[in-house]
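Q: Output the structure for:
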Amino acid sequence: DVLGSELYNLFAQVRGRYPRIHIIDNADPRLLKKYLEQKGLKAESTDIYISSKSGDTVETLANGYFFINWLNKTLEESEVWKHIIITTNDIQRGEAYNFFKDKPVKMWYIPTGKHDVGGRYSVLSPSGLLSAAYAGIDIRGLLKGASFIKSKIDSDDYQINLAFRAAILCYLALLEGKYI
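A: I've put the predicted structure just below:
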């Protein structure tokens with residue numbers, strides 16, 4: 001995630017009109033301050049995206065609070081919340097939900113329970129789709145493609161299931177001593 005975003009940020013011709021994306025994977029405030037200085041981020045043109053499926057991920061929340069404080073040093077309080085985007089669980093619990101529920105922020109929910117997506121990093125969850133949209137990826141096309149592939153692998157019939165057929169072909173090649 002972090003290296004991918006750094007490479008994406010290097011190539012303005014690939015990024016086009018879309019913003020740079022920074023993925024923060026460290027909650028040390030000294031390193032965060034240094035990061036802000038090195039990257040030259042400006043509060044008025046920076047959105048802060050906080051994603052915690054449980055709503056209680058300590059490092060994620062610590063980073064979120066750090067960047068909210070950073071925004072507060074430059075922006076009016078009413079402006080700060082326009083720069084905050086949250087994804088958290090859909091059962092409305094956890095520190096993230098409790099802290100942000102009364103704030104004028106954009107909040108999306110990651111399905112839990114019966115429709116659990118298995119973590120905040122799922123590319124097809126609201127968390128992953130928001131990052132993709134910021135990067136200029138056609139998320140409607142992405143979801144349409146995912147739905148198409150799902151229809152091709154969601155069967156026990158090897159004549160329909162492309163993944164099943166590929167596995168059979170790999171196995172048959174292996175039996176003939178061909179390693180793929």
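Q: what's Asn63 in contact with, if anything?
A: Contact analysis of Asn63 by CB atoms under 8 Å, 6 or more residues apart in numbering lists Ile24, Ala27, Leu32, Ile50. The way it works is simple: take the backbone N, C-alpha and C, and place the C-beta from them, glycine included.
Q: Not counting residues beside it along the chain, what's closest to the third one?
A: It refers to Leu32. Sequence neighbours aside, Phe66 is the residue nearest to Leu32 in space, at 5.4 Å (criterion: CB to CB, 6 or more residues apart in numbering).
Q: Tell me which residues are up against stretch 70-83.
A: Leu36, Lys42, Ala43, Glu44, Thr46, Asp47, Ile48, Ile68, Ile84, Lys103, Pro104, Val105.
Q: again, only using 6 Å
A: Ala43, Asp47, Ile48, Lys103, Pro104, Val105 (CB atoms under 6 Å, 6 or more residues apart in numbering).
Q: excluding its backbone neighbours, what's nearest the last one?
A: What it means is Val105. Among residues not flanking Val105 along the chain, Ile84 sits closest, at 4.4 Å (CB to CB, 6+ apart).
Q: The one you found: neighbour count?
A: 20 (other CB atoms under 10 Å).
Q: do you know how far it is from Leu10?
A: In this view, Ile84 and Leu10 are 27 Å apart by CB to CB, to the nearest Å.
Q: Over to Gly94?
A: For Gly94, the distance to Leu10 (CB to CB) stands at 35 Å.
Q: Would you quantify the distance from the residue most central in space within the chain to Leu7?
A: Geometric centre of the chain, nearest residue: Gly128, 3.4 Å, by CA atoms, centre = their mean. Going from Gly128 to Leu7 by CB to CB gives 18 Å.
Q: ditto for Lys101
A: Lys101 sits 36 Å away from Leu7, going by CB to CB.
Q: Could you do Asn161 as well?
A: Relative to Leu7, Asn161 is positioned 34 Å away (CB to CB).
Q: State the pLDDT value of Phe164.
A: At Phe164, the pLDDT value in this model is 92.
Q: that's a helix at it, yeah?
A: Yes - counting by DSSP: H, G, I helix; E, B strand; the rest coil, Phe164 is part of a helix.
Q: Gly94 and Leu10: who's more crowded?
A: Using other CB under 10 Å as the criterion, Gly94 and Leu10 rank with Gly94 on top: 17 against 10.
Q: What is the burial count for the nearest residue to that one once chain neighbours are set aside?
A: For Gly94, ignoring the flanking residues on the chain, the nearest one in space by CB to CB, 6+ apart is Gly55 at 1.9 Å. Using other CB under 10 Å, Gly55 has 22 other residues around it.
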